[in-house]
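Engineer: This is the structure alone, sequence omitted:
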């Protein structure tokens, strides 16, 4: 049966309405980025993916995979994974899904790229903060006014969070159970139950 794989450290603005009508054996979701050297990249010819390279030192394409894949018949994927696992691991002793996909390409499976209009990676602290800014901009969140607190949108503050004598924002999320006192926060994500206080 069909399989949809979505990595947990990626955010993308895509829908899946097109899956039912695709003529391909699989789709790989991609985004063109300036430096794809830490990502997997694909090479496309005439709308067909002809190669996939994991973390290339010298990328020959700027189409980076974004951690979303669709395989219409999953048998070819599972067969390729079995063959990858039967061989010794490479690249730092790890097995990569990209190697199985490359085998599928070599087997003649028709894989096509699907371009994501927006993609945010959360694989590093810097990229996580960038994704956080995108989410807050997109949602337009502005926290309810609080006495003694200056809020610079966009900001999200959980209803039960205690915030006093502080400047919050821009780009701050204060989760449930947090306490913030006499502090200035910007470009910050506070996990549930965190306390911040400037004594």
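Structural biologist: All right, it came through fine. This is a predicted model, so every value here is computed, not measured. Numbers count the residues shown, from 1 in each chain.
Engineer: pLDDT below threshold where in this structure?
Structural biologist: In the prediction, the chain carries no residues with pLDDT under 70.
Engineer: Which stretches in the protein count as helices?
Structural biologist: 75-86, 97-106, 125-139 (DSSP state H).
Engineer: if you compare those helices, which one is most tucked away?
Structural biologist: helix 97-106 (a mean of 20; mean count of other CB atoms under 10 Å). The way it works is simple: take the backbone N, C-alpha and C, and place the C-beta from them, glycine included.
Engineer: And for it, what's in contact with it?
Structural biologist: 5, 25-26, 28, 40, 49-54, 65, 69, 76-77, 80-81, 83-84, 90, 111 (CB atoms under 8 Å, 6 or more residues apart in numbering).
Engineer: still on that earlier bit, wait, which of the helices of the chain is closest to residue 34?
Structural biologist: Of all the helices of the chain, helix 125-139 sits nearest to residue 34, with 13.4 Å by CB to CB.
Engineer: tell me what the closest one is packed against?
Structural biologist: strand 10-12, strand 119-121, strand 155-157, strand 188-190 (3 or more CB pairs under 8 Å, 6 or more residues apart in numbering; DSSP states H and E).
Engineer: Show me the contact partners of the second one.
Structural biologist: If you take CB under 8 Å, 6+ apart as the criterion, strand 119-121 is touched by 9, 10, 11, 12, 13, 31, 66, 127, 130, 131, 134, 135.
Engineer: Try it again at 6 Å.
Structural biologist: Applying CB atoms under 6 Å, 6 or more residues apart in numbering, the contact partners of strand 119-121 are 11, 12, 31, 66, 127, 131, 134.
Engineer: what pairs with that strand, and is each one parallel or antiparallel?
Structural biologist: Strand pairing for strand 119-121, determined by DSSP bridges: strand 10-12 (antiparallel).
Engineer: any residues touching the partner strand, and which ones?
Structural biologist: 66, 67, 116, 119, 120, 131.
Engineer: ok, now stretch 124-141?
Structural biologist: Taking CB under 6 Å, 6+ apart as the rule, stretch 124-141 contacts 11, 120, 121, 122, 154, 156, 171, 187, 189.
Engineer: Quick one: the helices and strands packed on helix 125-139 as a markdown table, columns for distance to residue 102 too.
Structural biologist: Shown next, in a markdown table, are those (distance: least, CB to CB, whole Å):
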| stretch | distance to residue 102 |
| --- | --- |
| strand 10-12 | 20 |
| strand 119-121 | 22 |
| strand 155-157 | 41 |
| strand 188-190 | 36 |
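Engineer: May I see the ones you listed organised as TSV, with distance to residue 96 and mean neighbour count added?
Structural biologist: Formatted as TSV, the helices and strands packed on helix 125-139 follow (distance: least, CB to CB, whole Å; neighbours: other CB atoms under 10 Å):
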stretch	distance to residue 96	mean neighbour count
strand 10-12	16	18
strand 119-121	17	21
strand 155-157	35	23
strand 188-190	29	19
